[in-house]
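Engineer: mind folding the following:
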Amino acid sequence: MMSPSKCALVLAIGLAWPATRMDVAAQEPAQPPVPEGPPPISMSLSDAVRMSLQNNLDIKIAEKTPLVRDQDIIFQDAVFDPNLGGSVNWEKNNSPSNNIFDVGQVGAIIGVKSGFWDYRAGFSDRLKYGANYSVSLDMLRFTSSSANSVFPILYQTTLDIVYNQSLLRNIGRDVNETDIVIAQNNQKVSKSQYRQQVLDALKATEDAYWELVFARQDLDVNKQALGLAEELLKLNRIKVQVGTLPPIEITQAEAEVANREQGVILAENAVSTAEDALRRVLNMPKGDAAWDKPIAPSDEPTFVERPVDLPREMEAAMSHRPDLEQARLNSSTADTRMAFDRRQLKWDLNFRAGYTLSGLGGDVQQTDPPSFLPSELQNQNFYDPLGSIRDQDFASWSAALFLNVPLGNRAAESSYAGSRLAKEQTDIQYENARLNAEVQVRNAARAIVTGKKRIEAAEKNVELQKKKVEAEQKKFENGMSTSFQVLTFQNDLITALGTKNRALVDYRKSLSGLEQAKGTLDEYLNVTVQ
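Structural biologist: Coordinates of the predicted model:
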């Protein structure tokens with residue numbers, strides 16, 4: 001039988017508390033217990049972040065949107081792509097003639113056969129400062145059996161160059177590139193939204209990781225508390241046997257052992273719940289072996305000094321937060337749309353200039369006496385009238401102004417009023433986002449300061465609770481205390497240890513919380529968002 005002094009020595013060893021957690025090494029058996037179930041997966045915070053970015057479905061969805069917006073930009077810019085076209089038209093006709101020269105026998109009406117081939121080619125282009133131009137070439141080959149036709153085969157070519165320019169409503173690159181600028185802003189917004197999705201995933205991953213760390217620490221604390229209660233129960237049984245304690249002390253110790261066993265069960269369930277939460281954030285594939293293996297975090301929530309400079313943190317938030325960037329882009333889009341609608345209130349004045357080159361040729365009908373037409377107009381083809389265009393033999397110029405004055409112009413006024421209201425709305429939304437950002441940064445900064453104080457207070461409380469337990473244990477050894485009092489002080493120490501662990505985990509979460517509020521969590525975790 002163990003003597004009371006040796007029993008007290010065993011309990012004293014069991015109550016030796018280090019700075020951060022209870023040490024039950026003296027209570028462990030000589031041989032390490034055989035681990036139950038599959039071996040745990042060791043995982044660092046950086047491993048969890050990497051897996052989250054690779055597997056997160058929300059990120060995979062968000063990363064497609066900028067690619068779609070890229071196509072929107074191309075679509076809007078394609079309005080200014082040049083066009084090249086052409087056509088070929090053939091027609092053949094046989095119609096009665098009312099021309100006296102086409103009458104054959106007396107009283108008989110003959111038909112006149114005619115036909116043509118029409119070849120057209122054209123090029124048009126719209127310019128970004130409010131102009132458009134076109135160049136077209138038309139080549140016509142016309143045949144006719146009419147006696148009244150000088151050219152039974154006629155070749156005619158026309159080259160038209162037309163230039164149109166808006167002078168009031170739609171002049172300038174800014175108004176003509178409105179849809180392109182809006183598409184570019186929308187693409188930037190989608191990139192910012194993608195980055196926001198990444199930051200949210202990083203924060204959720206880190207929070208889930210530290211919650212699992214805390215759950216495992218809490219399980220360790222509960223297991224060690226159970227070990228201490230079991231040691232006290234053993235000691236009480238010995239003291240009851242030697243007659244130094246009443247039997248009721250065994251009952252009190254047994255009740256506390258049962259209570260702390262329940263705490264271990266609940267802590268084990270909390271660990272499993274935290275593991276599943278982390279697996280969900282990491283989006284581990286269905287059927288992956290990691291769902292059946294415990295996760296052992298390799299990083300500890302150690303205290304890291306983090307000075308807080310509130311003006312500097314605010315400045316960083318104003319330039320890095322995705323929601324503020326999106327609000328600024330939306331305001332810029334509203335400015336662009338309002339400027340376009342304001343221009344539509346103007347009169348519509350357009351300038352048009354044209355330049356035409358013509359050529360003509362054909363096979364002259366042979367007559368007796370011979371044709372009086374010059375010989376150069378006889379027996380020709382398309383080459384000759386094209387030569388006239390080349391040499392600019394027959395040129396024509398034209399210029400015109402077109403003015404359109406809408407009466408009332410209610411459609412344009414309505415559009416401008418709507419865009420002006422939309423601009424006011426985006427300005428209010430930006431101000432609202434800025435105020436939210438300021439409050440979030442202030443709260444996050446205050447959480448760091450508060451967290452540091454919590455850790456200091458928790459560490460001091462742990463030290464004091466340790467001294468209380470040690471003092472009460474000595475009183476119990478001398479018969480001046482009871483098991484109930486010792487167990488009560490042990491519970492106080494267990495609570496203090498849990499509070500300290502909670503404070504450390506919350507502090508680490510508050511560090512990332514400030515970076516999230518500033519929009520710099522990716523830099524904090526050394527993640528590059530592309």
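Engineer: measure residue 337 to residue 432 for me?
Structural biologist: 20 Å (C-beta to C-beta, to the nearest Å). Any C-beta I mention is one placed from the backbone N, CA and C, and that applies to glycine too.
Engineer: which of those two has more neighbours?
Structural biologist: With neighbours defined as other C-beta atoms under 10 Å, residue 337 and residue 432 compare such that residue 337 has more, 21 against 12.
Engineer: show me what contacts the more buried one?
Structural biologist: Neighbouring residues of residue 337 by C-beta atoms under 8 Å, 6 or more residues apart in numbering: 178, 182, 419, 422-423.
Engineer: 10 Å instead, please
Structural biologist: Contacts for residue 337 (C-beta atoms under 10 Å, 6 or more residues apart in numbering) come out as 178-179, 181-182, 415-416, 418-420, 422-423.
Engineer: name the element it belongs to?
Structural biologist: Assigned by DSSP states H and E, residue 337 belongs to helix 322-343.
Engineer: chain center to the very next helix or strand once past that helix: distance?
Structural biologist: Counting by DSSP H and E, the next helix or strand C-terminal to helix 322-343 is strand 348-363. Relative to its chain's centre, strand 348-363 lies at 53 Å (C-alpha atoms, centre = their mean, to the nearest Å).
Engineer: check stretch 236-255 too.
Structural biologist: With C-alpha atoms, centre = their mean, you get 66 Å for stretch 236-255.
Engineer: can you check stretch 131-138 too?
Structural biologist: Worked out by C-alpha atoms, centre = their mean, stretch 131-138 lies 43 Å from the chain centre.
Engineer: pretty sure residue 514 sits against residue 314.
Structural biologist: No - using C-beta atoms under 10 Å as the test, residue 514 is too far from residue 314 to be in contact (11.3 Å).
Engineer: quick one, which of the two is more surrounded?
Structural biologist: residue 514 (24 against 16).
Engineer: ok, how many other residues are close to the closest residue to the more buried one other than its chain neighbours?
Structural biologist: Leaving aside its sequence neighbours, residue 514 sits nearest to residue 444 (C-beta to C-beta, 6 or more residues apart in numbering; 3.9 Å). By the criterion of other C-beta under 10 Å, residue 444 has 21 neighbours.
Engineer: so what does the helix ranked longest in the chain touch, helix or strand wise?
Structural biologist: Determined from DSSP state H, the single longest helix within the chain is helix 410-477. For helix 410-477, the packing partners by 3 or more C-beta pairs under 10 Å, 6 or more residues apart in numbering; DSSP states H and E come out as helix 4-14, helix 178-242, helix 310-320, helix 322-343, helix 483-518.
Engineer: hmm, 8 Å instead?
Structural biologist: Using 3 or more C-beta pairs under 8 Å, 6 or more residues apart in numbering; DSSP states H and E as the contact test, the elements touching helix 410-477 are helix 4-14, helix 310-320, helix 322-343, helix 483-518.
Engineer: dump the ones you listed to CSV, plus mean pLDDT and distance to residue 470.
Structural biologist: Converted to CSV, the helices and strands packed on helix 410-477 look like this (pLDDT from 0 to 100; distance: least, C-beta to C-beta, whole Å):
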stretch, mean pLDDT, distance to residue 470
helix 4-14, 34, 8
helix 310-320, 94, 43
helix 322-343, 95, 53
helix 483-518, 92, 9
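Engineer: for residue 276, find the nearest of those.
Structural biologist: Checking these against residue 276 by C-beta to C-beta gives helix 483-518 as the closest, at 18.1 Å.
Engineer: list the buried ones in that closest one?
Structural biologist: 483, 486-487, 489-494, 496-518 (16 or more other C-beta atoms under 10 Å).
Engineer: grab the most central residue of this structure for me.
Structural biologist: Most central in the chain under C-alpha atoms, centre = their mean is residue 194, positioned 1.4 Å from the mean C-alpha point.
Engineer: that older thread, per-residue pLDDT of the residue nearest to residue 514, please?
Structural biologist: pLDDT for residue 444: 95.
Engineer: what mean pLDDT does the stretch of helix or strand residue 384 belongs to get?
Structural biologist: Applying DSSP H and E as the criterion places residue 384 in helix 383-390. For helix 383-390, mean pLDDT rounds to 82.
Engineer: list the helices and strands that helix packs on?
Structural biologist: strand 153-166, strand 348-363.
Engineer: moving C-terminal from the shortest one, which element do we reach first?
Structural biologist: Past strand 153-166, further along toward the C-terminus, the next helix or strand under DSSP H and E is helix 173-176.
Engineer: run through the protein and note the low-pLDDT ranges.
Structural biologist: 1-37, 97-111, 145-151, 363-380 (pLDDT under 70).
Engineer: contacts only, for the residue nearest to the centre of the chain.
Structural biologist: Applying C-beta under 8 Å, 6+ apart, the residues near residue 194 are 59, 62-63, 65-66, 529.
Engineer: pick out the most distant pair among those residues.
Structural biologist: Longest span within the contacts of residue 194, C-beta to C-beta: 65 and 529, 14.0 Å.
Engineer: the strand or helix carrying residue 274 packs against which elements?
Structural biologist: Assigned by DSSP H and E, residue 274 belongs to helix 248-282. Secondary structure elements in contact with helix 248-282, counted by 3+ C-beta pairs under 8 Å, 6+ apart, are helix 45-55, helix 178-242, strand 295-297, helix 483-518.
Engineer: buried residues in the shortest one?
Structural biologist: Of the residues in strand 295-297, 295, 297 count as buried by neighbour count, 16+ other C-beta under 10 Å.
Engineer: so what are the sheet partners of it and their directions?
Structural biologist: strand 41-43 (parallel) (DSSP bridges).
Engineer: which residues make contact with the partner strand from outside it?
Structural biologist: 209, 290, 293-298.
Engineer: redo the residues you listed as CSV? Include distance to residue 397.
Structural biologist: Below are the contacts of strand 41-43 laid out as CSV (distance: C-beta to C-beta, whole Å):
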residue, distance to residue 397
209, 78
290, 80
293, 86
294, 88
295, 83
296, 87
297, 83
298, 84
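Engineer: what's the farthest-apart pair in those residues?
Structural biologist: 209 and 293 (16.2 Å).
Engineer: in terms of neighbours, single out the busier of these two.
Structural biologist: Higher neighbour count among residue 209 and residue 293: residue 209, with 29 against 14, using other C-beta under 10 Å.
Engineer: so the more buried one makes contact with residue 297?
Structural biologist: Yes - contact status for residue 209 versus residue 297: in contact at 6.2 Å, counting by C-beta atoms under 8 Å.
Engineer: quick check: buried residues in the helix holding residue 274?
Structural biologist: By neighbour count on 16+ other C-beta under 10 Å, the buried set for helix 248-282 is 249-250, 252-254, 256-257, 260, 263-264, 267, 270-271, 274-275, 277-279, 281-282.
Engineer: please parse the chain into its domains.
Structural biologist: Per automatic domain parsing, the structural domains of the chain span 49-68+181-333+423-524, 85-171+351-404.
Engineer: what is the end-to-end distance of the first one?
Structural biologist: In other words, domain 49-68+181-333+423-524. In domain 49-68+181-333+423-524, first residue to last residue: 12 Å (C-alpha to C-alpha, to the nearest Å).
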